[in-house]
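Undergrad: this is the structure alone, sequence omitted:
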């Protein structure tokens, strides 16, 4: 593996390298570069203050608003995810790469890439859990919070890297993983990309560079992906939670997988499956299709699914307070996830919605709530007033309440939610206007409920 690590970093050898962004991934890049190239001069550039892990006279640090200007004399810009590129100077973007791009070029053959607007963390984590249960050396990396450069120690040619891939990591990628999963595509990240077409294009990089012998599993009937876009020779299968025409159908506790080698069926006991909702059963089906390609026996798969615990802030049960069962779905940043949450729980007496305004179309959510009213809907800034107008236009029945902030929303939910029902916090909006991320928002929601 040491040879592969050197091959992975070969495009940087002898070049003037800038590490752009010094968060978790930037620090990871710095550590690996210093290990492999101890004498290499480096530039670390970030808008925010930077503290190197030790005294390093060969590394220059530039911070502040003009941090990118210092990179113009560099040959390669190793950037962190989340730094927007579509409106940057092309002279800079032409030099940019990232951990994901370098890794997929060198080790894409050992990688299962998972992306999609929603569900990628649950799917990646479950696949990692299943492969480990089957005795495979599997490493969970990427957008889940583990920089891939930190996963290389003691890896071998048999290691499987389960790589959760965000749009930011896939953007302009020159390579694709040999095994790819594209779960779904919904309107998202308009604040970063400007147009939904740019966002979809970034996601589709997961299969753009695949070739004969590679594998792609994608959402059946996805209106934003035409089969003609898939490269020739790729084994492409579809999945669905509803349509029997899909190659993989995950419905009513049964997984039915149709491949060139035949039809495989596996039944699961819903009472023994911790993940709730049809959307999560679809994620389980996706993992089944990939796991079979790695030779995981059905019995091993079933046991692994039954012992898997869902990730925090994803329809996470918080507890019963005042006779109401509360659920934290802070991961929800689009209308589709709020809809899925209501459908999954089935007895929602209060829905807390709203967050950062990014211009997302909330018509599908308003139409859903008009057809399937929730007795109490609490609406948060900044999207709350727009959602309120949409709901009133449709004559949505029930109590519609505007909250000042999350503490006020929880207080309103406690006051108005009928005992014996469920209260779902599924914002259908991002959190960056008030919180660092959805995790911090979810932790605050739970702390408010517990009086902490």
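TA: Everything's here; your move. As the structure is a prediction and not an experimental result, all values here were calculated from the model. Numbers count the residues shown, from 1 in each chain.

Undergrad: just for the protein, where's the confidence low?
TA: For the chain, applying pLDDT under 70 flags no range at all.

Undergrad: can you pull up the most central residue in it?
TA: Among the residues of the chain, residue 120 comes closest to the average C-alpha position under C-alpha atoms, centre = their mean, at 4.5 Å.

Undergrad: shouldn't that residue be in contact with residue 112?
TA: No. The criterion here is C-beta atoms under 8 Å, and residue 120 misses it with residue 112 at 11.6 Å. (Each C-beta comes from the backbone N, C-alpha and C, glycine too.)

Undergrad: what residues does stretch 71-80 touch?
TA: With contacts defined as C-beta atoms under 8 Å, 6 or more residues apart in numbering, stretch 71-80 is touched by 11-12, 15-23, 25-26, 29, 43, 45, 85, 91-92, 95-99.

Undergrad: returning to that earlier point: got phi/psi on the residue nearest to the centre of the chain?
TA: phi -70, psi -30 (degrees, to the nearest 10).

Undergrad: any figure for the gap between it and residue 265?
TA: Using C-beta to C-beta, to the nearest Å, residue 120 is found at 26 Å from residue 265.

Undergrad: and what of residue 328?
TA: In this view, residue 328 and residue 265 are 34 Å apart by C-beta to C-beta.

Undergrad: higher neighbour count, these two?
TA: Ranked by neighbour count (other C-beta atoms under 10 Å), residue 328 and residue 265 place residue 328 first, with 24 against 11.

Undergrad: so how far is residue 412 from the more buried one?
TA: Look at residue 328 and residue 412: by C-beta to C-beta, they are 17 Å apart.

Undergrad: same check on residue 259?
TA: Counting by C-beta to C-beta - residue 259 and residue 412 are separated by 50 Å.

Undergrad: in terms of neighbours, single out the busier of those two.
TA: With neighbours defined as other C-beta under 10 Å, residue 259 and residue 412 compare such that residue 412 has more, 20 against 14.

Undergrad: ok so that one is a helix residue?
TA: Yes. Secondary structure of residue 412 (DSSP: H, G, I helix; E, B strand; the rest coil): part of a helix.

Undergrad: now do the contacts for it.
TA: 376, 378, 401, 403.

Undergrad: now do the last one: how many residues are near it, please.
TA: The number of residues packed around residue 403, counting by other C-beta under 10 Å, is 20.

Undergrad: test my guess that it contacts residue 378.
TA: Yes. Assessed by C-beta under 8 Å, residue 403 is found in contact with residue 378 at 5.4 Å.

Undergrad: which neighbours do these two share?
TA: Residues touching both residue 403 and residue 378 (C-beta under 8 Å, 6+ apart): 352, 409, 412.

Undergrad: out of the residues you listed, who's nearest residue 429?
TA: When these are ranked by distance to residue 429 (C-beta to C-beta), residue 352 comes first, at 10.8 Å.

Undergrad: are any of the contacts of stretch 71-80 buried, and which?
TA: 11-12, 16-22, 25-26, 29, 43, 45, 85, 92, 95-99 (16 or more other C-beta atoms under 10 Å).

Undergrad: give me the subset of those that lies in strands.
TA: Among the buried ones among the contacts of stretch 71-80, DSSP state E puts 17, 18, 19, 20, 43, 45, 96, 97 in strands.

Undergrad: as a markdown table, the contacts of residue 412 with distance to residue 62 and secondary structure would be great.
TA: Output for the contacts of residue 412, formatted as a markdown table (distance: C-beta to C-beta, whole Å; DSSP: H, G, I helix; E, B strand; the rest coil):
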| residue | distance to residue 62 | secondary structure |
| --- | --- | --- |
| 376 | 51 | strand |
| 378 | 45 | strand |
| 401 | 48 | strand |
| 403 | 42 | coil |
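
Undergrad: now for these, which sits with the most neighbours around it?
TA: Highest neighbour count within those: residue 378, with 28 neighbours (other C-beta under 10 Å).

Undergrad: hmm, it is touching residue 413, no?
TA: Yes. The pair residue 378 / residue 413 is scored as a contact, 5.7 Å apart, by C-beta under 8 Å.

Undergrad: shared neighbours of those two, which are they?
TA: With C-beta under 8 Å, 6+ apart as the test, residue 378 and residue 413 both reach 350, 352.

Undergrad: check contacts around residue 230.
TA: 207, 210, 216, 236.

Undergrad: how does it look with 10 Å?
TA: Contacts for residue 230 (C-beta atoms under 10 Å, 6 or more residues apart in numbering) come out as 182, 204, 207, 208, 210, 214, 216, 218, 236.

Undergrad: can you tell me which two in those are farthest apart?
TA: For the contacts of residue 230, with distances taken as C-beta to C-beta, the pair at the greatest spread is 204 and 214 (14.3 Å).

Undergrad: burial measure for the closest residue to residue 231 other than its chain neighbours, as a count.
TA: Take residue 231 and drop its neighbours on the chain: the residue closest to it by C-beta to C-beta, 6 or more residues apart in numbering is residue 210, 5.3 Å away. If you count neighbours by other C-beta under 10 Å, residue 210 ends up with 25.

Undergrad: pretty sure residue 178 is one of the things residue 210 touches, is it not?
TA: Yes. Applying C-beta atoms under 10 Å, one finds residue 210 in contact with residue 178, separated by 7.4 Å.

Undergrad: need the overlap of contacts for those two.
TA: Shared contacts of residue 210 and residue 178 (C-beta under 10 Å, 6+ apart): 108, 113, 216, 234.

Undergrad: wait, what's in contact with the last one?
TA: Going by C-beta under 10 Å, 6+ apart, residue 234 touches 176, 178, 180, 207, 210, 211, 212, 213, 214, 215, 216.

Undergrad: likewise for the second one?
TA: Contacts for residue 113 (C-beta under 10 Å, 6+ apart) come out as 100, 104, 120, 124, 142, 161-165, 169-170, 173, 176-182, 205-207, 210, 216.

Undergrad: how near is it to residue 176?
TA: With C-beta to C-beta as the criterion, residue 113 and residue 176 are 7 Å apart.

Undergrad: now the last one
TA: Counting by C-beta to C-beta, the gap from residue 234 to residue 176 is 9 Å.

Undergrad: mind listing the shared neighbours of the two?
TA: 207, 210, 211, 214, 216.

Undergrad: most widely separated two among these?
TA: Checking these with C-beta to C-beta, the most distant pair is 211 and 216, at 11.1 Å.

Undergrad: what about residue 357, how many residues close to it?
TA: 16.

Undergrad: isn't it right up against residue 431?
TA: No. Taking C-beta under 10 Å as the definition, residue 357 is not a contact partner of residue 431, at 11.8 Å.

Undergrad: quick one on the thing from earlier: closest to residue 310 among the contacts of residue 234?
TA: Using C-beta to C-beta, the contacts of residue 234 come closest to residue 310 at residue 180, 23.6 Å.

Undergrad: fine by me, thanks again.
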